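Undergrad: Starting from these lines, generate the structure:
(one chain, ligands or ions: 1)
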Amino acid sequence: MSDTAASEPTQRFDPFGRLPAPLLVAGALLIGIILYVSYIVLTDRYLGNLQNRALVRATLYTGTISKVLQTYGMASALITQDRNLVSVLSGGPNEQTQLVLGALQTEINARNLHLYTSAGQLAATTAPNGLPDINHTAAPYFESSLGTDISIFATVAVSNSDQRFLFARRITQRGTILGVVVLELDLAPLQAEWATSQNQIFVTNADDLILLSSRAEWRYRLLSTFFEASFRPDTMRRLNLLPILQLGPTDVGQQVEIDGEIYLQIEQDLDFRGWKLTYLAPTIDATARVNAVLALEIMVLALVVAGIAYISSRRVAQHSLRVQRESEELRALNARLSSEIEERMRVQESLQAAEKSLEQSSKLAALGQMSTAISHELNQPLAAMKTYLAGARLLLRRNRGGEALASFQRIDDLITRMSTITRQLKSFAHKGEGEMAEVELGAVITSSLAMMSPQLSQGRVPVERVTPPYPVYVMGDTLRLEQILINLFRNALDAMSDAPDAAITVELFGGETLARIQVRDTGPGLSADPRELFEPFYTTKEAGEGVGLGLAISSGIAEELGGSLTARNSSQGGAIFELSLPRVKEGKAA
Ligand code: ADP
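TA: Residues are numbered from 1 along each chain as shown. Below is the predicted model of the structure:
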């Protein structure tokens with residue numbers, strides 16, 4: 001038992017152990033594909049949304065700036081129609097001038113308004129200390145504005161960190177140029193509004209210089225798209241090596257990297273002096289959302305995998321439990337079986353011993369029974385002989401020789417009977433010594449009848465002999481088979497001694513497996529239980545006529561040859577004795 005336990009495989013916890021490898025690989029691949037496709041779809045969706053929103057916003061901002069510039073342009077034109085200003089220029093400056101300019105400045109939201117005479121003399125200004133911080137009359141736009149009837153736009157770099165935007169326009173009265181008004185735009189509120197948004201906005205001029213920006217530190221920086229080498233050398237020179245805002249490349253188109261942050265970039269033309277608006281929407285939110293959904297997806301997938309693992313491990317555990325239980329049951333069964341086998345062997349041994357002792361005792365019993373019967377059978381005639389002998393001696397002494405002779409005759413009869421008994425016992429004792437061979441039963445019947453013919457003809461008993469047209473073979477020895485038949489014929493004759501029409505029928509049957517010989521007579525039939533007839537020394541005959549051993553010996557021979565001898569009464573009267581023996585086909589036994 002112990003080696004069975006040792007040879008059992010050790011149970012490992014391996015939830016996926018029962019799943020085939022290709023299934024595991026396919027599962028991993030499926031998870032990979034799901035995650036990849038989700039990433040693509042989600043990124044596309046969230047960035048698409050972001051881009052749509054950014055485009056709308058950029059267009060909005062572009063519109064706003066254009067409108068502001070347009071409004072300022074129109075305002076500069078309208079100012080020149082202001083009668084107060086015209087009268088100030090035509091009649092010379094007075095106290096009212098400052099007030100009028102101040103009112104106009106507030107109305108049009110200008111940073112500053114300056115009024116010059118055509119000779120370049122400052123007539124009035126809204127500058128805090130009464131003096132503009134830029135020398136406008138020396139600038140080229142002043143000259144240009146005097147020569148045309150439209151508003152001239154200009155940007156002026158006060159310093160690297162201060163750019164001004166302005167419109168200059170001449171004021172005329174009836175064909176006479178009276179002076180020039182300079183309107184400085186105030187774009188600070190616009191930029192302040194931009195700064196409140198998470199998104200970044202800047203406006204660059206044709207030289208890629210950032211003029212306006214939502215982030216103050218980006219203002220007046222030179223925009224470098226990916227490579228500084230893309231700058232035109234003259235631009236570099238003109239811009240006096242301004243600080244640069246570097247837009248770094250990314251793997252995705254339309255996305256740029258500024259100071260480590262990734263933005264979606266939308267560029268729109270302002271249709272104004274080559275100005276461009278750049279709208280930058282940080283992608284971090286969209287990316288974070290994609291990542292959040294992906295994380296959720298991974299969590300769900302992990303839960304599913306864990307669920308499968310759990311179910312699988314439960315199955316494994318149940319299976320191993322079942323296997324364990326089965327092997328325990330098997331072991332118990334095995335133990336029970338071997339103990340049963342041992343028990344059976346013990347019983348068999350004791351049975352054999354019992355059988356042996358039974359055989360021994362039955363042998364002894366049979367021997368005792370037989371000795372009693374034989375000694376009884378022999379003692380009787382011996383006692384009788386002794387009496388007859390004493391009687392004969394007495395008769396001889398009295399000279400009655402004739403009577404004595406009769407006694408001697410009786411003694412002789414008794415000796416004959418005793419010798420019959422011993423002869424039959426001898427033949428019984430010698431049974432089994434005959435040679436076994438294939439014997440044809442028809443021939444045995446013929447020879448037995450031949451041997452019995454003197455007795456048969458003496459009693460004038462007819463014998464009907466019925467045999468099949470083919471030979472019927474059995475294994476046996478002729479002598480002993482003849483002994484059986486002769487015994488049966490003799491018994492039949494004895495039984496029919498008083499019958500008026502005595503007859504014997506002997507019939508041979510060749511069955512498929514059995515050969516049978518029936519001996520029928522027309523006597524009175526069996527007077528006792530047929531089984532009793534076969535007991536040794538059972539006889540109904542007178543003393544000296546039978547010893548009751550014939551049928552016992554005959555049935556013994558039949559059994560020894562593998563067959564049987566039975567007796568019954570015929571329905572038409574008379575007895576039927578039947579000898580059955582296993583049939584053999586000719587030549588088979590050899
Ligand atoms: P025995 O012939 O010496 O008596 P058997 O063993 O041959 O011994 O026969 C036993 C008894 O069976 C006979 O005494 C007789 O009573 C009975 N028996 C045998 N054959 C016949 C028969 N053909 N008809 C009637 N009884 C028979």
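
Undergrad: which stretches of the stretch 451-590 of the chain form strands?
TA: For the stretch 451-590 of the chain, the strands defined by DSSP state E, counting those that start in this stretch cover 463-466, 473-476, 504-510, 514-521, 564-569, 575-584.

Undergrad: separation between residue 513 and residue 418?
TA: Look at residue 513 and residue 418: by C-beta to C-beta, to the nearest Å, they are 43 Å apart. Backbone N, C-alpha and C define where each C-beta goes, glycine included.

Undergrad: Counting neighbours, go ahead and name the busier of the two.
TA: residue 418 (17 against 8; other C-beta atoms under 10 Å).

Undergrad: Is the more buried one in contact with residue 378, as I believe?
TA: Yes - using C-beta atoms under 8 Å, residue 418 is in contact with residue 378, at 6.0 Å.

Undergrad: Kindly report the residues of the protein close to the ligand.
TA: Residues of the chain lying near the ligand by C-beta under 6 Å from any ligand atom: 487, 491-492, 495, 521, 523, 526, 533, 538-541, 546-548, 550-552, 575.

Undergrad: For PyMOL, what selects the buried ones among these?
TA: Once 16 or more other C-beta atoms under 10 Å is used to decide burial, the buried members of the residues of the chain next to the ligand can be selected in PyMOL as follows:
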select buried, resi 487+491+492+495+521+523+526+533+538+539+546+547+548+550+551+552+575
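
Undergrad: So which of the residues of the chain next to the ligand belong to helices?
TA: Among the residues of the chain next to the ligand, the ones falling in helices (DSSP state H) are 487, 491, 492, 495, 533, 550, 551, 552.

Undergrad: Quick check: closest non-adjacent residue to the last one.
TA: Ranked by C-beta to C-beta, 6 or more residues apart in numbering and with sequence neighbours excluded, the top spatial neighbour of residue 552 is residue 536, at 4.2 Å.

Undergrad: okay, now that neighbour: neighbour count?
TA: Residue 536 sits with 22 neighbouring residues when counted by other C-beta under 10 Å.

Undergrad: Would you map the helices across the chain?
TA: Counting by DSSP H, the helices of the chain are 2-7, 21-79, 83-91, 96-108, 140-146, 188-195, 233-238, 284-397, 401-429, 441-458, 478-495, 530-533, 550-560.

Undergrad: how far off helix 401-429 does the longest one point, in degrees?
TA: For helix 284-397 and helix 401-429, the angle between their directions (axes from the mean of the first three to the mean of the last three C-alpha atoms, to 10 degrees) works out to 160 degrees.

Undergrad: Using CSV, write out every CA atom in stretch 123-133.
TA: Taking C-alpha atoms only, stretch 123-133 is exported to CSV below (Å, rounded to 0.1, in the frame of the first residue of the first chain):
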residue,chain,number,x,y,z
ALA,A,123,-1.0,118.9,-30.8
ALA,A,124,-2.5,116.6,-28.1
THR,A,125,-1.9,113.3,-26.4
THR,A,126,-3.5,110.9,-23.9
ALA,A,127,0.0,109.8,-22.8
PRO,A,128,0.2,110.0,-19.0
ASN,A,129,3.0,112.5,-18.7
GLY,A,130,1.8,114.5,-21.8
LEU,A,131,4.5,113.0,-24.0
PRO,A,132,4.4,109.9,-26.2
ASP,A,133,7.1,107.3,-25.3
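
Undergrad: Rounded mean pLDDT for that stretch, please.
TA: Mean per-residue pLDDT for stretch 123-133: 87.

Undergrad: List the contacts of it.
TA: Residues outside stretch 123-133 that contact it (C-beta atoms under 8 Å, 6 or more residues apart in numbering): 88-89, 93, 97-98, 100-102, 105, 110, 112-117, 122, 158, 179, 182.

Undergrad: Buried among these? Make that a PyMOL selection.
TA: Here is the PyMOL command that selects the buried residues among the contacts of stretch 123-133 (16+ other C-beta under 10 Å):
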select buried, resi 88+89+97+98+100+101+105+110+112+113+114+115+116+117+122+179+182
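
Undergrad: Would you check that my belief about residue 513 contacting residue 580 is correct?
TA: No - in this structure, residue 513 is not within contact of residue 580 by C-beta under 8 Å, at 9.9 Å.

Undergrad: re the thing from before, which of the helices of the chain is buried the deepest?
TA: Neighbour counts (mean count of other C-beta atoms under 10 Å) averaged over each of these peak at helix 478-495, with a mean of 21.

Undergrad: mind checking how far it is from the chain centre?
TA: Centroid displacement of helix 478-495 relative to its chain, using C-alpha atoms, centre = their mean, to the nearest Å, is 80 Å.

Undergrad: just the angle between it and helix 401-429, please?
TA: 140 degrees.

Undergrad: can I get the CA coordinates of helix 478-495 in PDB?
TA: Taking C-alpha atoms only, helix 478-495 is exported to PDB below (Å, rounded to 0.1, in the frame of the first residue of the first chain):
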ATOM      1  CA  THR A 478     -15.600 -55.300 -22.900                       C
ATOM      2  CA  LEU A 479     -15.300 -57.700 -20.000                       C
ATOM      3  CA  ARG A 480     -16.800 -55.300 -17.400                       C
ATOM      4  CA  LEU A 481     -19.500 -54.100 -19.800                       C
ATOM      5  CA  GLU A 482     -20.500 -57.700 -20.400                       C
ATOM      6  CA  GLN A 483     -20.500 -58.200 -16.600                       C
ATOM      7  CA  ILE A 484     -23.200 -55.400 -16.300                       C
ATOM      8  CA  LEU A 485     -25.300 -56.800 -19.100                       C
ATOM      9  CA  ILE A 486     -25.100 -60.400 -17.900                       C
ATOM     10  CA  ASN A 487     -26.100 -59.300 -14.400                       C
ATOM     11  CA  LEU A 488     -29.100 -57.400 -15.900                       C
ATOM     12  CA  PHE A 489     -30.200 -60.400 -18.000                       C
ATOM     13  CA  ARG A 490     -29.800 -62.800 -15.100                       C
ATOM     14  CA  ASN A 491     -31.900 -60.500 -12.800                       C
ATOM     15  CA  ALA A 492     -34.600 -60.300 -15.500                       C
ATOM     16  CA  LEU A 493     -34.700 -64.100 -15.800                       C
ATOM     17  CA  ASP A 494     -35.000 -64.400 -12.100                       C
ATOM     18  CA  ALA A 495     -37.800 -61.800 -11.900                       C
END
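
Undergrad: Fine, thanks again, bye for now.
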